[in-house]
Every structure is written in structure tokens, then in C-alpha cells.
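Trainee: sequence plus predicted model, see below.
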Amino acid sequence: MKLVKTISEVRAEVGRARSSGRSIGLVPTMGFLHEGHLSLADRCCELAGYVVMSIYVNPLQFGPSEDFDEYPRALERDLALAEERGVDLVFAPADRELYPTELTVTVAPRRLADRLCGLSRPGHFEGVLTVVGKLFGIVQPDLAVFGQKDFQQAVLIQKMVIDLDMPVRVEVAPTVREADGIAMSSRNEYLSADERRRALSISRGLAGALRSFRSGERDAAMIGRGVLQTMEEAGGVDVEYVEVVSADDLEPVQQADEETVVVVAARVGTTRLIDNARLGAPDPGLARLL
Ligand code: PAF
């Protein structure tokens, strides 16, 4: 595995791989890798002949009062983990490499980004789409793998490649959970033991939504209410939203079906957590809680 820090090195390495006939896969990350990221690398290795992972904490997607400075970083450890999982190239640029001058053009999402996480994180998805668009331009992958945990992000990236005619296949890989059900996230690091215990109400609530859907409940409001109640009962969980939405356009639905997703965001202490469950899809980590 090779580590590179400049755009020209990425282009040279990827160019060589492509001319040897290999397809190119990209796994964009902000580093501090956990099993969730590594499962994206695994999926990418299954689908592509040459796998690039980017490791970059993108300042553009953090608001002024968010955790950009505290965001955990561990490049040496990340490199060892990425190599173990078969990544061919890690691109870990410095800020001045990606943003040498103030941008005059960004990728600004429209309506879909104004709701759910977009409400409390204005500008966040513009920052995400801009850096992902840049990474697509730099690596020119045939496919890129993102996690379902960041559901709104994954939908917006899928819409971006369609609307801007980017020739990249976007693959969304299932959420990986800890044994207790919590969705893996670099931000779980911030939780105290007590906060973590309370945070488990999020996955418990989602498991409850799956249970009620499987036993025939189709009233989206009822399903959402059950999730909210579980989270509120835990105490110390400041619910930002619980919504029951269509997987395609994130619009709230009245009647749930297989394509419906329950999306959740909450603050536990100072840590903001998100999670979701697709009602028609298997989620072994949530099924374990049933
Ligand atoms: O999901 C993330 O870690 C980030 O939003 C991404 C896609 C790497 C862009 O910075």
C-alpha cells in the first residue's frame, strides 16, 4: 500500500493502475478508521481492482461551533488498518493541497439538504458535496463506496452524480454496529460510559421500529412515535429529529413500506449522533436487539 499527499501523485498512481486494466474504487473517509470504514474498504475491494482511500478531515463541512479541531485523528494507525484490508493507495492531503485558495465555486445542494441534518448543520452538505466532487475529479473512480449510516449524505451524493452527470457508480454499504447495537462512528469516542448507555436508546428505538414494521404496522406516525418514546425514556437524550421518510427523496411518508427509512439525530451530552434503519432491509446489528 502506498501513501500519497498530493493530487499529482494520486493521478500518477491511479493512471498506472488504470492502464494495467484495473477498475478504480474510492472510499472517502475522514480517518480515525473503525470497522464501519473498513467494511466500506472491504466492499470496494470486492467491486474494484484498485482501491483508493482518502483520509481528510474536511474543514468545509464543519460549522464554526462544531468539532473540527477535536475531531479524532490517527493517521499512522489508519494506514496500518487500511493496508490490512487491502487498500492500494491512501490519499491524505493537507488543507493547502485541496484548498490552495479560497474556493469560488462549490457544489450547493438544493431542497433535499435543507431538512433533517441540514436544519441544524447549515452548509454541511455543501461542504461534503464539494469535497466529494473534488475527490471524484482527482481520483476519477469508476465507483465509490459510502456508508448507510450517513443516509442523507449518501442520498445527496447519489443525486449529485446523477444531476451533474458524474460517471461514478455510488455504492451504499450497510451500517456496522458495535455488539450493543450502537452504530459505529468516530464520534462515539466522545461519549462517557453513562452517555453511551443512554445513546443505546437510539438503536433500541430503531430495532423497535423494525419489530413493529415486521409485525404489520404501516402507520409511519406510529412507528416514529415508538422510536421517539424509547429515546425519551432513556433520559439525557436530546432528540433533534425522528422522521419516517422515503429512501428516495427523504420526504416524510404516511404509510411505511419496504423502501421507508426511519432517520434519527440526537445529542447525548455534547455529542451529536445520527442513525437510521431501512424498514425493508436486513440490519443484523439491530436484529440482535429484537
Ligand atoms: O462521511 C464522511 O466521513 C465524510 O462526510 C466524507 C464523505 C468523507 C466527506 O468528507
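Mentor: It's in.
Trainee: hang on, residue 242 in a helix?
Mentor: No. Read with DSSP: H, G, I helix; E, B strand; the rest coil, residue 242 is strand and lies in no helix.
Trainee: check contacts around it.
Mentor: Residues in contact with residue 242 (CB atoms under 8 Å, 6 or more residues apart in numbering) are 205, 224, 227, 228, 231, 262, 263, 264. C-beta: built from backbone N, CA, C; applies to glycine.
Trainee: next, the second one: phi, psi?
Mentor: If I follow you right, that is residue 224. Main-chain dihedrals, residue 224, degrees, to the nearest 10: phi -60, psi -40.
Trainee: hang on, the earlier thing: which among the contacts of residue 242 gets closest to residue 278?
Mentor: Here the nearest of the contacts of residue 242 to residue 278, counting by CB to CB, is residue 262; it sits at 8.2 Å.
Trainee: is it true that that closest one touches residue 207?
Mentor: No. Under the criterion of CB atoms under 8 Å, residue 262 is not in contact with residue 207, lying 10.5 Å apart.
Trainee: tell me, what's touching these two both at once?
Mentor: In contact with both residue 262 and residue 207: residue 277, using CB under 8 Å, 6+ apart.
Trainee: who in the stretch 1-150 of the chain is up against the ligand?
Mentor: 28, 29, 30, 58, 61, 128, 131, 132, 150 (CB under 6 Å from any ligand atom).
Trainee: write the PyMOL selection for whichever of the residues you listed are buried.
Mentor: Selection of buried members from those for PyMOL, criterion 16 or more other CB atoms under 10 Å:
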select buried, resi 28+29+30+58+61+128+131+132+150
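Trainee: quick one: which of the residues of the stretch 1-150 of the chain next to the ligand sit in helices?
Mentor: In helices, defined here by DSSP state H, the members of those are 128, 131, 132.
Trainee: do I have it right that the last one meets residue 157?
Mentor: Same thing as residue 132. Yes. Between residue 132 and residue 157 there is a contact under CB under 8 Å: 5.8 Å.
Trainee: residue ranges of the helices in the stretch 101-250 of the chain, please?
Mentor: Listed in chain order, the helices of the stretch 101-250 of the chain (DSSP state H, counting those that start in this stretch) span residues 117-120, 124-139, 151-163, 193-214, 220-234.
Trainee: elements contacting the longest one?
Mentor: In this case it means helix 193-214. helix 220-234, strand 237-246, strand 260-268, strand 271-278, helix 284-287 (3 or more CB pairs under 8 Å, 6 or more residues apart in numbering; DSSP states H and E).
Trainee: residue 138 is nearest to which of these?
Mentor: strand 271-278 (27.2 Å).
Trainee: and the strands in the stretch 51-200 of the chain?
Mentor: 89-91, 143-147, 169-173 (DSSP state E, counting those that start in this stretch).
Trainee: picking that back up, so can I have TSV of the helices of the stretch 101-250 of the chain showing mean pLDDT and distance to residue 77?
Mentor: Below are the helices of the stretch 101-250 of the chain laid out as TSV (pLDDT from 0 to 100; distance: least, CB to CB, whole Å):
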stretch	mean pLDDT	distance to residue 77
helix 117-120	97	28
helix 124-139	98	22
helix 151-163	98	24
helix 193-214	98	21
helix 220-234	98	32
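Trainee: I'd like those helices written out as a markdown table, with distance to residue 2 added.
Mentor: Formatted as a markdown table, the helices of the stretch 101-250 of the chain follow (distance: least, CB to CB, whole Å):
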| stretch | distance to residue 2 |
| --- | --- |
| helix 117-120 | 34 |
| helix 124-139 | 14 |
| helix 151-163 | 26 |
| helix 193-214 | 37 |
| helix 220-234 | 44 |
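Trainee: how about those helices, which one is nearest residue 78?
Mentor: Smallest distance to residue 78 across the helices of the stretch 101-250 of the chain (CB to CB): 16.4 Å, for helix 124-139.
Trainee: just the CA atoms of the closest one, as CSV, please.
Mentor: Output of helix 124-139 as CSV, limited to C-alpha atoms (Å, rounded to 0.1, in the frame of the first residue of the first chain):
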residue,chain,number,x,y,z
HIS,A,124,-22.7,21.0,6.0
PHE,A,125,-23.8,19.1,2.9
GLU,A,126,-22.4,21.8,0.6
GLY,A,127,-19.0,21.1,2.2
VAL,A,128,-19.5,17.4,1.8
LEU,A,129,-20.6,17.5,-1.8
THR,A,130,-17.8,20.0,-2.7
VAL,A,131,-15.1,17.8,-1.2
VAL,A,132,-16.6,14.6,-2.7
GLY,A,133,-16.9,16.3,-6.0
LYS,A,134,-13.2,17.3,-5.8
LEU,A,135,-12.2,13.7,-4.8
PHE,A,136,-14.1,12.4,-7.8
GLY,A,137,-12.3,14.8,-10.0
ILE,A,138,-8.9,13.9,-8.6
VAL,A,139,-9.3,10.1,-8.5
